[in-house]
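In: Give me a 3D structure for the following:
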Amino acid sequence: MEKHEVLTVLEQIIDEVKTAVLATVDSDGKPKMRWVTPAIIRGRTGAIYTVTSPRAAKVKQVKSNPNVQWLFQTRALDRIIIVEGKVNVVDNPSIRAEVLEVVGPRLRAFWKINMDERDLLVLETIIEKAVFYIPMKGKKEAVRF
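Out: Residues are numbered from 1 along each chain as shown. Next up, the predicted model:
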C-alpha cells in the first residue's frame with residue numbers, strides 16, 4: 001500500500017465517522033487518550049488537524065512530548081488505521097480558519113465548553129507512520145511517511 005492510498009482510506013474513515021481517538025503522553029509518562037474531531041486539509045498532505053483550547057491538558061502534554069498516536073476506525077470495525085506522528089501546536093488564524101471550516105459543524109459538544117473560536121489552537125500532526133488493518137481479512141500493512 002502506498003502513502004496516498006492510506007491517506008485516501010483515512011479521509012474516507014474521517015468523512016464517515018467524524019471522530020478519532022488521540023493518545024498523548026502526560027508528564028508521568030502515562031498515555032492519555034481522548035476523543036477528538038480530526039480534519040484532513042486539502043493541499044496539506046501528510047498531516048492531521050484538530051482544534052483545542054489553549055488550556056487543555058493535551059496542549060501541555062504535546063509541548064513536552066510531541067509523539068502521539070491516532071486511532072481511526074469505521075463503525076463496522078472493518079477498516080482501522082493507527083497513525084503515529086509528531087504534533088505541532090499552531091496558533092495561526094489562517095490555519096485555524098481552514099481547520100474550523102472542516103470541523104466546525106462537528107463540534108457541538110466542544111462548543112458547549114469553548115465558546116470563543118478565537119481562543120483555539122490547532123494541533124497539527126505530521127504523519128510518520130500508519131498501520132492499516134482489515135480485521136476480517138487478517139490484513140495489516142504498515143506505511144512509513
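
In: got the contact list for stretch 67-80?
Out: With Cβ atoms under 8 Å, 6 or more residues apart in numbering as the contact definition, stretch 67-80 has outside contacts at 9-10, 13-14, 16-17, 20-25, 33, 38, 48, 62, 81-87, 125, 132-136. Where you see a C-beta, it was placed from the backbone N, CA and C, and this is true even at glycine.

In: Narrow those to those in helices?
Out: Among the contacts of stretch 67-80, DSSP state H puts 9-10, 13-14, 16-17, 62 in helices.

In: Buried residues in the lengthiest strand in the chain, which are they?
Out: Using DSSP state E to define each element, the chain has its longest strand at strand 121-134. Within strand 121-134, the residues that count as buried by 16 or more other Cβ atoms under 10 Å are 121-125, 127, 130, 132-133.

In: And stretch 2-22, by the same measure?
Out: Within stretch 2-22, the residues scored as buried using 16+ other Cβ under 10 Å are 6-7, 9-10, 13-14, 20, 22.

In: Do me a favour and average the pLDDT over that stretch.
Out: For stretch 2-22, mean pLDDT is 96.

In: So what touches it?
Out: Under Cβ under 8 Å, 6+ apart, the answer for stretch 2-22 is 33-40, 45-46, 48, 50, 58, 68-75, 79, 81, 83, 106, 123, 130, 132, 143, 145.

In: Distance check, Met136 against Ile41.
Out: Met136 sits 31 Å away from Ile41, going by Cβ to Cβ, to the nearest Å.

In: neighbour-wise, which of the two wins?
Out: Ile41 (17 against 10; other Cβ atoms under 10 Å).

In: pretty sure that one is touching Ala97, no?
Out: No - applying Cβ atoms under 8 Å as the test, Ile41 and Ala97 come out as separate, 10.8 Å apart.

In: what sits in contact with each of those two?
Out: In terms of Cβ under 8 Å, 6+ apart, Ile41 and Ala97 are not both contacted by any residue.

In: Output stretch 72-79 in PDB with nothing but the alpha carbons.
Out: The C-alpha trace of stretch 72-79 is given here as PDB (Å, rounded to 0.1, in the frame of the first residue of the first chain):
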ATOM      1  CA  PHE A  72      -9.300   5.800  13.300                       C
ATOM      2  CA  GLN A  73     -12.000   3.100  12.800                       C
ATOM      3  CA  THR A  74     -15.200   2.600  10.900                       C
ATOM      4  CA  ARG A  75     -18.400   2.000  12.800                       C
ATOM      5  CA  ALA A  76     -18.300  -1.600  11.500                       C
ATOM      6  CA  LEU A  77     -14.700  -2.000  12.600                       C
ATOM      7  CA  ASP A  78     -13.900  -3.300   9.100                       C
ATOM      8  CA  ARG A  79     -11.200  -0.700   8.500                       C
END
